[in-house]
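missing the sequence, but the structure's below:
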């Protein structure tokens, strides 16, 4: 590239920066309204959130009943249902917020990670609306959305802090250094996620889908020390692993089945379904809490957020709260509504990303295996 072309490119960058600064200065004195769209798995969701914290609407169309018969999410069915639901859900979210597209300042959408067919539906809808309206298109990473759910629960929350995000597809500890970026994933699962392990063991036990709530319900009244399951840990890492405890639980259940058959009972005399569920749940929770505790010690953070579908688990909440109290850690746990997949968290994250200058063009694509670092590609390199 010659000197003249470099000067042209720099002039163009400066022009874009000045336009964005002018936009920010124009809007920072009034409410910023972001429409969020979430279709990463089996919930079709749309929401309108003001300034990243005030929820005007939060609509979720769940597919759980459709997938329950299969014991898990069927990607083809999920994609088809998203196509059917996406426009009515967005329309309902705008109606509940008493707004039209013309009242919005941006549209945020989950671009990944997740089921590729499901993600494509949300991304296509967002791109269509931004093409018609000229509104900014704001790409959001799904885990980033779960982090932002904490701002909905606690508007006074300020970075930096650690976030434990646990769900059907994720088990991560995130260092949140600023509102939108940079985030740093300091721990992740090396194999299964906690929600996957719960789903698998729930199927083995003959419980319903989704497995997390089913096991939590079955564990009520059970002895959490009735069985010992392994809790994986790594000396040089805060990473998680749940495949071992899952396999150990399956093997234990097969032995228990044989013993119960010899006794002519559904369960052996000295063990119940409640005991098994409680012991397995405790192993998962102990692993999550102990690794988070180690990460807090190593980093020195005194503020912790937890989010994701598994954070709805009462046993996990109780144990995290106890740990935080003992260590004088400021803890934020979103209400159940914002733990499972929803669009309010995407709209919240969208506000902070909008403020940081993140934008995507019409070439935005869904990314099934998106990394947190991928959102750097959408920064416009402006400092508002």
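Cool, the structure landed. A quick note: this is a predicted structure, and the numbers were derived from the prediction, not measured. Numbers count the residues shown, from 1 in each chain.

from now on I want contacts and neighbour counts done on CA atoms only, so please keep to that.
Will do.

these two touch, right, residue 46 and residue 36?
Yes: assessed by CA atoms under 8 Å, residue 46 is found in contact with residue 36 at 5.4 Å.

so for those two, which residues contact both of them?
Counting by CA atoms under 8 Å, 6 or more residues apart in numbering, the contacts common to residue 46 and residue 36 are 343, 344.

how near is residue 164 to residue 70?
29 Å (CA to CA, to the nearest Å).

please say which of those two ends up with more neighbours.
Shown here are residue 164 and residue 70; by other CA atoms under 10 Å, residue 164 has more neighbours (25 against 10).

shaky segments in the stretch 1-150 of the chain?
1-29 (pLDDT under 70).

any idea how far stretch 200-216 is from the middle of the chain?
20 Å (CA atoms, centre = their mean, to the nearest Å).

make 48 the first number, not 1, from now on.
With 48 as the first residue, the last one maps to stretch 247-263.

what comes up buried for it?
For stretch 247-263, a neighbour-count test (16 or more other CA atoms under 10 Å) marks 247-250, 252, 254-263 as buried.

ditto for stretch 228-246
Across stretch 228-246, burial judged by 16+ other CA under 10 Å covers 228, 230, 232, 234-236, 238-246.

from these, which two are the most distant?
Within the buried residues of stretch 228-246, two members stand farthest from each other by CA to CA: 228 and 246, at 32.3 Å.

contacts only, for the closest residue to residue 313 other than its chain neighbours.
Once flanking residues are discounted, residue 313 sits nearest to residue 307: 5.9 Å by CA to CA, 6 or more residues apart in numbering. Residue 307 sits next to 313, 314, 315, 316 when contact means CA under 8 Å, 6+ apart.

so which strand or helix has residue 307?
helix 290-310 (DSSP states H and E).

for the stretch 298-431 of the chain, which segments count as helices?
Assigned by DSSP state H, counting those that start in this stretch, the helices in the stretch 298-431 of the chain fall at 320-346, 361-373, 391-402.

how about those, which one is nearest residue 122?
helix 391-402 (21.4 Å).

and residue 84, helix, strand or coil?
strand (DSSP: H, G, I helix; E, B strand; the rest coil).

and it, how many neighbours?
Look at residue 84: counted by other CA under 10 Å, it has 35 neighbours.

one more: residue 111?
With other CA under 10 Å as criterion, residue 111 counts 16.

domain parsing for the protein?
If you go by automatic domain parsing, the domain ranges for the chain are 78-201+387-425, 208-381.

which of those domains sits most buried?
Highest mean neighbour count of the domains of the chain: domain 78-201+387-425, a mean of 22 (counted as mean count of other CA atoms under 10 Å).

so who does the closest residue to residue 348 other than its chain neighbours touch?
Nearest residue to residue 348 in three dimensions, chain neighbours excluded: residue 208, at 6.1 Å (CA to CA, 6+ apart). Residue 208 sits next to 222, 223, 224, 348, 349, 350, 351, 352 when contact means CA under 8 Å, 6+ apart.

then residue 243?
Residue 243 makes contact with 215, 216, according to CA under 8 Å, 6+ apart.

next: residue 321.
The neighbours of residue 321, taking CA under 8 Å, 6+ apart as the test, are 265, 266, 267, 268, 269, 270.
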